[in-house]
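**Student:** Predicted model and sequence below, questions to follow.
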Amino acid sequence: MEITVLLSVFNGEKWLKYSIESILNQSFRDFEFLIINDGSIDSTKKILEQYAKDDSRIRLIHQSNKGLTYSLNYGIKLAKGKWIARIDCDDIASPERLKRQYDFALRTNSLLVGCQSKLISDSGRFLGYNKIPT
């Protein structure tokens with residue numbers, strides 16, 4: 001397994017579906033999707049369990065609320081992939097994200113790869129780009 005996509009979520013029901021589907025629809029297929037439900041009290045748990053039932057790439061962990069830092073460190077310990085890709089519950093990955101980052105890392109012998117992001121409002125209006133300094 002090449003990549004572990006790591007998502008920690010607490011009460012993310014509003015955007016979670018879009019985030020999950022953006023990962024499951026990646027052109028790069030050699031990944032596990034490790035999702036840590038960090039004690040959500042909204043419908044997050046139900047949403048996650050349905051996706052996990054439908055896609056074997058998802059490994060779902062439920063825990064009491066311990067915070068993002070704890071959850072991500074725990075996820076790193078559980079990860080089976082050689083690489084870790086992070087996503088948050090309100091992020092949507094382009095379909096080529098994993099492939100492009102993986103190919104770039106191998107081609108340039110990089111240890112860490114980032115990306116540019118588009119910022120959108122709650123209504124879906126494009127607000128601009130969050131560019132990584134070069």
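**Tutor:** The structure has been received and is ready for your questions.

**Student:** Identify the residue nearest Asp90 in space, chain neighbours excluded?
**Tutor:** Trp15 (4.3 Å; CB to CB, 6 or more residues apart in numbering). No exception for glycine: its C-beta is placed from N, CA and C like everyone else's.

**Student:** And the strands in the protein?
**Tutor:** Secondary structure of the chain by DSSP state E: the strands cover 3-9, 31-38, 58-63, 83-86, 117-120, 126-130.

**Student:** Sheet-wise, list the partners of the fifth one with their directions.
**Tutor:** Just to be clear, that refers to strand 117-120. strand 126-130 (antiparallel) (DSSP bridges).

**Student:** cool, and the fourth one?
**Tutor:** The strands beside strand 83-86 in its sheet (DSSP bridges) come out as strand 3-9 (parallel).

**Student:** Just checking, which helix or strand of this structure averages the lowest pLDDT?
**Tutor:** strand 117-120 (a mean of 72; mean pLDDT, DSSP states H and E).

**Student:** Contacts for it, please.
**Tutor:** The contact list for strand 117-120 (CB atoms under 8 Å, 6 or more residues apart in numbering) reads Asp91, Phe126, Leu127, Gly128, Tyr129, Asn130.

**Student:** and which of these is nearest to Asn25?
**Tutor:** Asp91 (13.7 Å; CB to CB).

**Student:** give me every residue that touches the nearest residue to the closest one once chain neighbours are set aside.
**Tutor:** Nearest residue to Asp91, sequence neighbours excluded (CB to CB, 6+ apart): Ser19, at 5.5 Å. Residues in contact with Ser19 (CB under 8 Å, 6+ apart) are Leu7, Gly12, Ile87, Asp88, Cys89, Asp90, Asp91, Ile92, Ala93.

**Student:** what's the distance between the fourth one and Asp103?
**Tutor:** The gap separating Asp88 from Asp103 is 23 Å, by CB to CB, to the nearest Å.

**Student:** got a list of what Trp83 touches?
**Tutor:** Here Trp83 is in contact with Glu2, Ile3, Thr4, Tyr102, Ala105 (CB under 8 Å, 6+ apart).
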